[in-house]
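# All I have is the shape, not the residue letters:
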Ligand SMILES: Nc1ncnc2c1ncn2[C@@H]1O[C@H](COP(=O)(O)OP(=O)(O)OP(=O)(O)O)[C@@H](O)[C@H]1O
Ligand SMILES: [Mg+2]
């Protein structure tokens, strides 16, 4: 459909799926009042690429969409694919006034003043997407609380001055940051959750990149995470064993930590029922008895998916996805499962064997 007109730059293929997410965002940016949304999701699930595809395809006479990637090293690429007129203005604003791209998200009002010079905003819907905001906040030592408080005031100032409803979509996959954002929910701000590609979209992606491996196996390893599929293809040349070795190493560190803490049983309960242990509240997950759970969040192995997050993608409960928390990719579930059975030193082929036996 419309999103597929966007070409994914690193893969040079048409963008896949995400129609549901697209519809959700358009609905959420057409409500009564200006609002801030924080979009989180597994590391590499496709947030950035989705935001770019949205910017490239949904911008029209009503929607003015600005995409800013504050981690982009080349300033000329930081706003891609925002329309050229706006990109130029922002490029000059950063180059001549701010002298630092990371300052831009902290000065949204000035940004809009400059955009107004090239596009009349009256009666329009303005959507400003900020990718990787934590980099700006870290550099300028601004807390998430203060940032949200200031931003929620600014969006109203913008709405009043320029006569346009204003939405800010903040992207982050940093689990600690999303916890801090969560505490600010209600201040004209809500949390959204995006998920990995669903199975049919993943198969479409694998078809397009000529994957030579059993699709079912890739599904049980990556759960449709497009970043992992790219890594497997580009970096590991479809060598599943090598890729698994890397993942096993990460899990080994966690397993050793769990052993040192005397919490291997917590890991085991997590595999038996991912929602079962401890509360879903971040503070309670932090109690010493469940410390290993917090380690898993910090390492981007687990992610919170409870009802505080509005799901813009469909999430189906299964062995690695609960209703409160989920593994970001099923490969972690399988490696821990294999370690609990065979001990720390598991080989990739044993993990694959376990998957084949149990699925
Ligand atoms: N819908 C899609 N169609 C085709 N390829 C995709 C799609 N979504 C993501 N990709 C591919 O997956 C890669 C990772 O996606 P992306 O960088 O958007 O993830 P992310 O969620 O922003 O990651 P991070 O958590 O690191 O910010 C992209 O570089 C792109 O190649
Ligand atoms: Mg990203």
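Thanks, I have it. Since this is a predicted model, take the numbers as computed values, not measurements. Numbers count the residues shown, from 1 in each chain. Ligands and ions are numbered 1, 2, ... in the order given.

# Close to ligand 2: what parts of the stretch 1-150 of the chain are there?
For the stretch 1-150 of the chain, the residues found near ligand 2 under the criterion C-beta under 5 Å from the ion are 47-48. Backbone N, C-alpha and C define where each C-beta goes, glycine included.

# Which positions in the stretch 1-150 of the chain make contact with ligand 1?
Applying C-beta under 6 Å from any ligand atom, we find that the stretch 1-150 of the chain lies next to ligand 1 at 8, 10-11, 15-18, 41, 43-49.

# are any of those residues buried, and which?
Among those, those classed as buried by 16 or more other C-beta atoms under 10 Å are 8, 11, 15-18, 41, 43-49.

# What's the mean pLDDT across stretch 301-319?
For stretch 301-319, mean pLDDT rounds to 94.

# Would you work out how far apart the start and end of it are?
15 Å (C-alpha to C-alpha, to the nearest Å).

# Any part of that stretch near ligand 1?
No - Stretch 301-319 is not in contact with ligand 1 by C-beta under 6 Å from any ligand atom; minimum separation 10.6 Å.

# Show me what that stretch is in contact with.
Contacts with stretch 301-319, where a contact means C-beta atoms under 8 Å, 6 or more residues apart in numbering, come from 20-21, 24-25, 39-42, 175, 178-179, 182, 185, 190-195, 198, 250-251, 254, 274, 280, 282, 293, 296-297, 321-328, 330, 332-333.

# From the contact counts, what lies against the one helix or strand residue 352 maps to?
Following DSSP states H and E, one finds residue 352 within helix 348-358. Contact here means 3 or more C-beta pairs under 8 Å, 6 or more residues apart in numbering; DSSP states H and E; on that basis helix 348-358 packs against helix 215-222, helix 240-261, helix 330-342.

# Need the winner for burial among those.
Across the helices and strands packed on helix 348-358, averaging neighbours per residue (mean count of other C-beta atoms under 10 Å) puts helix 330-342 on top, at a mean of 21.

# where exactly do the helices run in the stretch 101-250 of the chain?
108-116, 134-139, 144-162, 175-183, 199-208, 215-222, 226-230, 240-261 (DSSP state H, counting those that start in this stretch).

# For the helix or strand following the longest one, which residues meet the burial criterion?
Just to be clear, that refers to helix 240-261. Downstream of helix 240-261, the next assigned helix or strand under DSSP H and E is helix 264-272. For helix 264-272, burial by neighbour count (16+ other C-beta under 10 Å) applies to 264, 266-267, 269-271.

# Generate JSON lines for the residues you listed, with distance to residue 119 and pLDDT as supplementary columns.
Below are those laid out as JSON lines (distance: C-beta to C-beta, whole Å; pLDDT from 0 to 100):
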{"residue": "264", "distance to residue 119": "58", "pLDDT": "95"}
{"residue": "266", "distance to residue 119": "53", "pLDDT": "91"}
{"residue": "267", "distance to residue 119": "53", "pLDDT": "94"}
{"residue": "269", "distance to residue 119": "54", "pLDDT": "92"}
{"residue": "270", "distance to residue 119": "50", "pLDDT": "93"}
{"residue": "271", "distance to residue 119": "52", "pLDDT": "95"}
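
# From these, pick the one nearest ligand 1.
For those, the closest approach to ligand 1 (C-beta to the nearest ligand atom) belongs to residue 270, at 22.2 Å.

# what separates that closest one from residue 299, distance-wise?
As judged by C-beta to C-beta, to the nearest Å, residue 270 and residue 299 stand 14 Å apart.

# repeat for residue 32
For residue 32, the distance to residue 299 equals 40 Å [C-beta to C-beta].

# Who has more neighbours out of these two?
Shown here are residue 32 and residue 299; by other C-beta atoms under 10 Å, residue 299 has more neighbours (17 against 6).

# Would you list the phi and psi of the more buried one?
Main-chain torsions, residue 299, degrees, to the nearest 10: phi -90, psi 10.

# Ok, residue 37 next?
Note on residue 37: its backbone torsions stand at phi -120, psi 140 [degrees, to the nearest 10].
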